[in-house]
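Asker: Sharing a model that was predicted from the sequence below.
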Amino acid sequence: MNRLLPLAGAIFLAVIAIYQYSRPAPRAAGPQTAAKGVAAASRGQQVFDKWCAACHGRGPGHPGTQSLELRYKGDPPGALEDRTDLAPETTAAFVRHGFALMPPFRKTEISDADLAELSAYLAKKR
Amino acid sequence: MKLPHDVSPAAFDRAVAGFKAAVGPEWVFTAEEDVALYRDAYSPLWGEPEERVASAAVAPANVEEVQAVVRAANQARMPIYPISTGKNLGYGGSAPALSGSCVVDLKRLDRVLDIDEDNASVLVEPGVSYFDLYREIRAAGAKLWIDCPDPGWGSPIGNALDRGGGYTRAQFRNHFDAHCGMEVVLPSGELLRTGMGAMPGAKTWQQYKPGFGPWIDGLFSQSNFGIVTKMGFWMMPEPEACLIGRIYADRYEDLPALVRILTHLENAGIVNGMPGLGSPLLQRRVPADPQGDNPNGAAPVDQALHDAFYAGDSALIADRVRQTGRACWSALVKFYGPEKLVRLQWQIAKRHFAAIPGARAGKPEIYGFPLTDAQLEKVHKPTFGIPSLSVFNFGIRTPNRPEPLVGHQAFSPVIPRTGEAIIEANRLFARVLKEEGLPVPPFSLPGSVWERTAMLIVIFPVTRDPETNRKYRSAMRRLIAESAKRGWGEYRTPVTYYDAVMETYSFGDHALRRFHETVKDAIDPNGILSPGRYGIWPRRNRTGGGA
């Protein structure tokens, strides 16, 4: 993440580029999922649905998932919920330090207790 | 730990003790790893001595605690910096404008206090995100749309106070204009309500905006005059249908007429969704067009063609139009309303565009609601009031970009909504960037978030290399200054450039800034609230202080 971007081509003039997307998005994972009723979901899954799913949900249109698919070419899978290798410390490190365009999440957003639940949820298949 | 130049460690300790008494010790963060969470992840000054960083953070849970925090800050003369959700990344994130300030994190004020479907309004607290509001409206079964920016993880209050924009009808996509009534903790700790809320027991706080007397709500946007703890917003009733139509024009010279007709249709209320401009020939699509031919940047840039657009070489462009069958320009128009009505509005709009020789219309799309799953897979969700984070696709890892971006900053000037200004701005920005040793970007079309104006945005990456960041910062400052010479000003800017932009609003020997300072000194004599935000410095920082 600390590598220097090549200067040439790293700048672009855009029509409100921050408002654009480059691939179709299937669903707004967080709210859509919530609306379909996940009241019985574990606390860890609820935290995932609220804070992570919009970027890291399954299927195309989730930037985090797409980026990880490209990096790992499917092994491990791009969607975090399909991973079997996520140690709790790994999840915690990314949440508290961020990566690339993902900023760190503050304790008022994801508390230490919720982070522990989230990490346990994503580590469940290990 | 960094403290403001005039805050002693003892004063800081007094402030922290006061904050702990106000909110409980567990909600005051002073440990290095906790305070680091408040760094601006997209700071163009990342890792440099000038990076704006907090000394601590305090997270009140209700209005009374916010007031207690403000009073404690006054007692210690400790600068504080409120954030709502801290997600205006690219414009400052959760970091303060003055290094060493204590961030007041309002995320715990996270209640949707009212959803009034009949009045089509809501009342929210600052920690509520667009996603939160969307969920609550759906859970309540109310047929109301929110107008959200993209990405939608920020807060309606924070975005409105920064004067952000969205995608639906003009009266809603200007987020500050869409608000109705505020509750504000003043720098003294006093509580103020604006509009009808100033009347105890008011029954119309979210129904009538001005109340009685001077309408002061604007003073709390892009400023440091108070901490907004409640804000009402008008919502858009779910329409029966949305029609999206496209007009194509082949000649380079058609741009001024195309823009003029588009603007008239919007001002006349015939087009009531966000209009847009694109260029099929350049493969520059219109923002928020779910059916764009090609995502921007997906096709290789045809430099000769872009050069022709910059130079106004209409003969070469006409040849390319003939060869490719792609139009030189496209206009996107959106209509929300009953299906019969939007079809009629589309017919009327087409009649107006027929004034351009050769202009032709594409087949329109009609959407009914709720959208089907298949539609949701394709559409630009904020156009339909649905928050999304898909926009981050612009910076993720791609086959051509093995390392994802770590952040961005935007130069976003308000320019006249005319074809002539669009071309002039493209030429100016290209010249400045070339002079700064940066690549000349593709010719681009502006966004049309705001009625009557356009914004031609230049996005710079933020890197973790100080030298590269310095180069981009230099270009940003040149763009700000060169644009101001033409009378074009920024609508919003990253924290690093607050002073540079305020410097350009200099009519009457900086009469506006001096007015801001007069207000600031009157209501915040200790200069505790967000010093430097949007270029407004309290007296203590104007005399040898600053960032």
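Answerer: Received, thanks.

Asker: which non-adjacent residue is nearest residue 42?
Answerer: Using chain A here. residue A:121 (5.9 Å; CB to CB, 6 or more residues apart in numbering or on different chains). Placement of C-beta: from N, CA and C, glycine included.

Asker: not quite, I wanted chain B
Answerer: residue B:407 (3.1 Å).

Asker: Sticking with the residue nearest to residue A:42, tell me its helix or strand.
Answerer: Secondary-structure assignment from DSSP states H and E places residue A:121 in helix A:112-122.

Asker: for that helix, what is the average pLDDT?
Answerer: Taken as a whole, helix A:112-122 carries a mean pLDDT of 97.

Asker: So for that helix, what gets flagged as buried?
Answerer: A:114-119, A:121-122 (16 or more other CB atoms under 10 Å in any protein chain shown).

Asker: residues making contact with it?
Answerer: For helix A:112-122, the external contacting residues (CB atoms under 8 Å, 6 or more residues apart in numbering or on different chains) are A:42-45, A:47-48, A:51-52, A:80-81, A:83, A:86, A:88-89, A:91-92, A:95-96, A:110.

Asker: if I look at the residue nearest to residue A:42, how far off is chain B?
Answerer: Noted for residue A:121: a distance of 19 Å to chain B, by CB to the nearest CB, to the nearest Å.

Asker: Could you measure from that residue over to residue A:114?
Answerer: 10 Å (CB to CB, to the nearest Å).

Asker: Number of residues surrounding residue B:238?
Answerer: Neighbour count for residue B:238, taken as other CB atoms under 10 Å in any protein chain shown: 15.

Asker: what residues are up against it?
Answerer: B:143-145, B:369, B:385.

Asker: any idea which helix or strand carries residue B:150?
Answerer: Using DSSP H and E, residue B:150 sits within no helix or strand.

Asker: quick one: it and residue B:167 touch, right?
Answerer: Yes - using CB atoms under 8 Å, residue B:150 is in contact with residue B:167, at 7.3 Å.

Asker: before we move on, back to that, looking at the contacts of residue B:238, which is nearest chain A?
Answerer: residue B:385 (10.5 Å; CB to the nearest CB).

Asker: Give me the spatial nearest neighbour of the closest one, chain neighbours excluded.
Answerer: residue B:145 (3.0 Å).

Asker: And the pLDDT for that neighbour?
Answerer: pLDDT recorded at residue B:145 is 98.

Asker: how close does it sit to residue B:339?
Answerer: In terms of CB to CB, residue B:145 sits 17 Å off from residue B:339.

Asker: ok, the two, which is more surrounded?
Answerer: residue B:145 (23 against 16).

Asker: so how far is residue B:129 from the more buried one?
Answerer: 16 Å.

Asker: give me the number of residues near the residue lying closest to residue B:29 once chain neighbours are set aside?
Answerer: Excluding its sequence neighbours, the residue lying closest to residue B:29 (CB to CB, 6+ apart) is residue B:57, at 4.3 Å. Residues near residue B:57, counting by other CB under 10 Å, number 28.

Asker: count of residues packed around residue B:31?
Answerer: Count around residue B:31 with other CB under 10 Å applied: 8.

Asker: ok, the buried residues of helix A:112-122 vs chain B, which is closest?
Answerer: Nearest to chain B among the buried residues of helix A:112-122 is residue A:115, at 11.8 Å by CB to the nearest CB.
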